[in-house]
Structure formats: structure tokens, C-alpha cells
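Undergrad: sequence unknown, structure follows:
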């Protein structure tokens, strides 16, 4: 199996205008991944599938991740005048980093019996810029899994052949795997199965 740095170089040669970077994973698995820009993701996936010595011909798993807004502290220089003399000091300020949604594909080569290579894409934010290209035209096995990610996380896959809910009903208006999702409270007006109603 080619190492990820070599795969990145090969991708950049084949798709020169793409942005692709290595995302390190310091966990026990050590499975680093490739983050690709959504404008070239389909082209990159097609190259990874068709290059004879890479041949990632099977998407075994597609999942979503919800990254909430986060706050980071930064030190910034501040010029202050003290007793008529200017001094530069450091001040700690909090900065909000916008959240985003992410989709992760685990790709394998069935022909070469190797993998996985993990491919990632990120949305612009958590709402309303939640569109990413579908990789179903490259990996047919992604069709139902992308629908599941759409249903549970709200990522809309442009170019998907059947972009509709898979687990929740069509009228359902939320996405249950979002970190800020709260199920609605049951009201007295909710329909209750007569067999489940407690005996008086």
C-alpha cells in the first residue's frame, strides 16, 4: 500500500487544482486521513479508484461528524500608553471558531486487498452551507450511506441519485445525530398506543 504522502503527491499531479491535506490521528489506530476540497472531491475519488497501483474500488463505510462552534484563546499584541510611554503587551482574547459538518469515507482496494484510505470532506458551516458532492457516481456502495448521513446529520449530497430520508419520515424536520438536537417533549395531545396506555 502506498503511504498517504505519496498518494497526496499522486493526487496533486492528477488533479493539480485540488486542495488535499493530511489530517493526523494520534489515537491508537493511527489511521490518518485525507481532507479534500468539495470542488474536486469527485475527481479525486475517481482517480483513487482508477489508478492501477492505488485502485480504491470499494467504499465500505460512510459516516458523518458534527463539529460544534468552539472557543479558543489567543494572545494578541496590544499597544498601551502608560505614563506617556507606549508599551506593547500581550492580551488574551477569546475567538469563536465556526463549526462544520464532516463526511468520512473508508476506501479499500478489493483487487489489491489493501486499505483503508480515509477520505474526508467538510461543509462551510453547520447551516446553511451544508452541501457536499455525492461520491455515489464513483462508489455505488455510498448511495444508502450518504442518505443516512443526510437524514441524521443534514448534509445534502449534490448529485446523489435519490436524496431523501432513509430512517426518519419525510415530514421530520430535524437531524437526530446533530450535537445540538433535542427530541421534542411528549405532550398530552400525542397519540398513545392504547395497549401501552397504563391501566387506571
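TA: Everything's here; your move. All values reported here derive from a predicted model rather than from experimental measurement. Numbering: from 1, shown residues only.
Undergrad: please report how far the residue nearest in space to the middle of the chain lies from residue 52.
TA: Closest to where the C-alpha atoms of the chain average out (CA atoms, centre = their mean) is residue 102, at 1.1 Å. For residue 102, the distance to residue 52 (CB to CB, to the nearest Å) stands at 30 Å. From N, CA and C alone the C-beta is placed, and that goes for glycine too.
Undergrad: direction included, what does the helix or strand harbouring residue 95 pair up with?
TA: Element membership for residue 95 (DSSP states H and E) is strand 85-97. Sheet pairing of strand 85-97 (DSSP bridges) gives strand 70-82 (antiparallel).
Undergrad: from residue 22, how far off is residue 97?
TA: Taking CB to CB as the measure, residue 97 falls 20 Å from residue 22.
Undergrad: you'd agree residue 167 is up against residue 149?
TA: No - contact criterion CB atoms under 8 Å: residue 167 and residue 149 do not qualify, at 10.7 Å.
Undergrad: show me which of those two is the more surrounded one.
TA: Neighbours per residue (other CB atoms under 10 Å) separate residue 167 from residue 149, with residue 149 holding more: 26 against 10.
Undergrad: ok, the residue nearest to the more buried one when sequence neighbours are not counted - contacts?
TA: Of all residues not flanking residue 149 in the chain, residue 64 sits nearest, at 4.1 Å (CB to CB, 6 or more residues apart in numbering). Going by CB atoms under 8 Å, 6 or more residues apart in numbering, residue 64 touches 101, 102, 103, 104, 149, 152, 153, 155, 177.
Undergrad: run through the bridge partners of residue 64.
TA: residue 103.
Undergrad: what do you get for the one 10 residues further on?
TA: Beta bridges link residue 74 to residue 93 when assigned by DSSP bridges.
Undergrad: ditto for the one 4 residues further on
TA: Beta-bridge partners of residue 78, counted by DSSP bridges, are residue 89.
Undergrad: kindly report the same for the one 4 residues further on.
TA: On the basis of DSSP bridges, residue 82 is bridged to residue 85.
Undergrad: count the neighbours of it for me.
TA: Residue 82 has 8 neighbouring residues, counting by other CB under 10 Å.
Undergrad: alright, I will stop here.
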